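Asks: what follows is a protein structure lacking sequence information:
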């Protein structure tokens, strides 16, 4: 049998099973309406959950961006200090962070699409639930039981189908959000462990240790002296400019002049 | 006939187009059965765009049951198989 008809049968089989359970179909109207309101709640919670996950992703993307900026900064400082090896290391780590960032951006877009879909689904269901409420009151006022039964059947299958549809959308959004939360958790751990963060990872992060040592003024002086010894005075002013705070420059510069003469 | 596109809404399509839609639907069915992802994508996209082009969107507050249901545009072959097996839990009528 065709796809269209098979899906239709699957949806209506579930609906008629629910309808058959009631002895007087009119009783099912109020019950069904309650279920519809619950379903609306569920869709709204779904929208909120997706939005929360989306915001968490945005936060992580921001953190990764800062991290990437930090690595770039470090690579500049390392280069200014003549340490191309460290600069290379910092840039390599930055490219790893950028990869993560790109992945998250893709997921962010997917989640945003899911959020939009769910919002629209919730609007559709809301419109149908409102229509059902009106129809329900009309049917209740119907004098003939046989006529009421037909009308209940019609209204019921219409709303059941919508609920089934929206139920699918909610389930899909839940699945996606769960998968994403596992991943977001992993990235949070990565950020917290210091593998990506140079502040909390000082104990093990050789790049950070070396750069911190380089950027502290006393060590820069030592480094300068060593560099000057190795490659001559020509590159010393540049190294000072890049590696020391501006306030230290006036003191350091005359010394460099002295050494050169 | 009324066709629901899951995740999108209902369309009222003139019965005169039934043969065309049924033909496209058979193609979709063959693609699902053979597991051909590319053919499935093409067949689903074709069928959905015909429904949208030939049909008229029903207002959100209409309470009519559909004569036929179609998977949404971004469904995968796996999604559709799960739907057809009736094992999907998200269906909550009542």
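Replies: On my side now, so go ahead. These numbers come from a predicted model, not from an experiment.
Asks: residue B:11: helix or strand, and which one exactly?
Replies: Element membership for residue B:11 (DSSP states H and E) is strand B:9-12.
Asks: for that strand, name the packing helices and strands.
Replies: strand B:2-5, strand B:56-57 (3 or more CB pairs under 8 Å, 6 or more residues apart in numbering or on different chains; DSSP states H and E). The way it works is simple: take the backbone N, C-alpha and C, and place the C-beta from them, glycine included.
Asks: the longest one and chain A in contact?
Replies: Which is strand B:2-5. Yes. Using CB under 8 Å from any CB of the partner chain, strand B:2-5 reaches chain A at B:3-4.
Asks: state the paired neighbours of the strand holding residue B:11 in the sheet, together with their directions.
Replies: strand B:2-5 (antiparallel), strand B:56-57 (antiparallel) (DSSP bridges).
Asks: distance from the chain centre to it, please.
Replies: 10 Å (CA atoms, centre = their mean, to the nearest Å).
Asks: most packed of the helices and strands packed on strand B:9-12?
Replies: Of all these, strand B:2-5 has the most neighbours on average by mean count of other CB atoms under 10 Å in any protein chain shown, namely a mean of 23.
Asks: show me where the chain dips below the pLDDT cut-off.
Replies: In the absence of a named chain, this looks at chain A. A:1, A:18-23, A:25, A:193-224, A:232-261 (pLDDT under 70).
Asks: oops, chain B please
Replies: Ranges of chain B meeting pLDDT under 70: B:87-94.
Asks: pick out the residue nearest the middle of it.
Replies: In chain B, the residue lying closest to the centroid (CA atoms, centre = their mean) is residue B:70, at 1.4 Å.
Asks: report whether the helix or strand hosting residue A:49 contacts chain B.
Replies: Using DSSP H and E, residue A:49 falls within helix A:25-80. Yes. Helix A:25-80 is in contact with chain B by CB under 8 Å from any CB, via A:31-32, A:35, A:39.
Asks: biggest separation within those, which pair?
Replies: A:31 and A:39 (12.7 Å; CB to CB).
Asks: and the two? Which one has more around it.
Replies: Counted by other CB atoms under 10 Å in any protein chain shown, residue A:31 and residue A:39 do not tie: residue A:39 has more neighbours, with 23 against 13.
Asks: and which of the residues of helix A:25-80 next to chain B is nearest to chain B?
Replies: residue A:35 (4.9 Å; CB to the nearest CB).
Asks: closest to residue A:80 out of the strands paired with strand B:9-12?
Replies: strand B:2-5 (59.8 Å).
Asks: I'd say residue B:75 and residue B:8 touch.
Replies: No. Using CB atoms under 8 Å, residue B:75 makes no contact with residue B:8, being 11.1 Å away.
Asks: which SS class is residue B:75?
Replies: coil (DSSP: H, G, I helix; E, B strand; the rest coil).
Asks: what about the residue nearest to residue B:67 when sequence neighbours are not counted, how many residues nearby?
Replies: Spatial nearest neighbour of residue B:67, chain neighbours left out: residue B:1 (4.2 Å); criterion: CB to CB, 6 or more residues apart in numbering or on different chains. Residues lying near residue B:1 (other CB under 10 Å) number 15.
Asks: residue contacts, residue B:1?
Replies: Residue B:1 makes contacts with B:12-13, B:15, B:18, B:67-68, as judged by CB atoms under 8 Å, 6 or more residues apart in numbering or on different chains.
Asks: quick check: buried residues in the strand or helix carrying residue B:42?
Replies: Assessed by DSSP H and E, residue B:42 sits inside helix B:37-54. For helix B:37-54, the neighbour count (16 or more other CB atoms under 10 Å in any protein chain shown) marks B:39-40, B:43-44, B:47-48, B:50-52, B:54 as buried.
Asks: ok, now stretch A:94-110?
Replies: A:94, A:97, A:100-101, A:104, A:107-108.
Asks: inside helices: which ones of those residues?
Replies: Mapping the buried residues of stretch A:94-110 onto helices (DSSP state H) picks out A:94, A:97, A:100-101, A:104, A:107-108.
Asks: in JSON lines: those, plus distance to residue A:231.
Replies: Output for these, formatted as JSON lines (distance: CB to CB, whole Å):
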{"residue": "A:94", "distance to residue A:231": "27"}
{"residue": "A:97", "distance to residue A:231": "32"}
{"residue": "A:100", "distance to residue A:231": "37"}
{"residue": "A:101", "distance to residue A:231": "37"}
{"residue": "A:104", "distance to residue A:231": "42"}
{"residue": "A:107", "distance to residue A:231": "47"}
{"residue": "A:108", "distance to residue A:231": "47"}
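Asks: ok, the residues you listed vs chain B, which is closest?
Replies: residue A:107 (15.2 Å).
Asks: pretty sure that closest one is in contact with residue A:57, am I right?
Replies: Yes. With contact defined as CB under 8 Å, residue A:107 counts as touching residue A:57 (6.4 Å).
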